[in-house]
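Undergrad: let me see the structure of the following:
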Amino acid sequence: MTDLDSLKYTAEHEWVDFDPATGLATVGITAYAADKLGDVVYVDLPAVGTALVVGEVCGEIESTKSVGELFAPLSGEVAEINDAVVDDPSLINADAFAGWLVKLAAEAAAVEALMDREAYLALTGEGA
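TA: Numbering: from 1, shown residues only. Presented below is the predicted three-dimensional model:
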């Protein structure tokens, strides 16, 4: 089980789980976003080795309701993509944390600058 309080969040409804031992940030969309999207049917993720720039479009997510862009929550190089989600996008709806999207090399300070869970819940109106 992922410790939700240890995660960081973005206003674009992405969660970030940073591992200081490896310098890798695992990124996915929040359960809130997955719920709003409906059934996810397609994801387009950046290739391993792609340099992402914070705030820029880095992929696409398509559901039965809409098509949306994925934004880089951090600058860094993509170290891994979740091939299981590419093959079966419904994993995102089943478990937003098991359905992570990418892992990227990131700076700890950049991760720390993101929202904490309390701020994200305030943003979504979900409460504590």
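Undergrad: now the most centrally placed residue in the chain: how far from E69?
TA: Nearest to the mean C-alpha position of the chain, by C-alpha atoms, centre = their mean, lies G28 at 2.3 Å. As judged by C-beta to C-beta, to the nearest Å, G28 and E69 stand 15 Å apart. Using the backbone N, CA and C atoms, a C-beta is placed for each residue, glycine as well.
Undergrad: N82 too?
TA: Taking C-beta to C-beta, one finds N82 at 18 Å from E69.
Undergrad: between the two, tell me which one has more neighbours.
TA: Neighbour count, other C-beta atoms under 10 Å: between N82 and E69, N82 has more, with 20 against 12.
Undergrad: and the strands in the chain?
TA: 8-9, 14-19, 24-29, 40-44, 51-52, 57-63, 67-71, 76-81, 102-105 (DSSP state E).
Undergrad: right, and those - which one's nearest A119?
TA: Of all these, it is strand 8-9 that lies closest to A119, at 7.2 Å by C-beta to C-beta.
Undergrad: now that closest one, how far from the chain's geometric center?
TA: Its chain's C-alpha centre and that of strand 8-9 lie 9 Å apart, by C-alpha atoms, centre = their mean, to the nearest Å.
Undergrad: check stretch 52-65 too.
TA: 10 Å.
Undergrad: swap in stretch 90-105?
TA: Worked out by C-alpha atoms, centre = their mean, stretch 90-105 lies 7 Å from the chain centre.
Undergrad: now the terminal residues of that stretch, how far apart.
TA: End-to-end distance of stretch 90-105 (C-alpha to C-alpha, to the nearest Å): 26 Å.
Undergrad: many thanks, have a good one.
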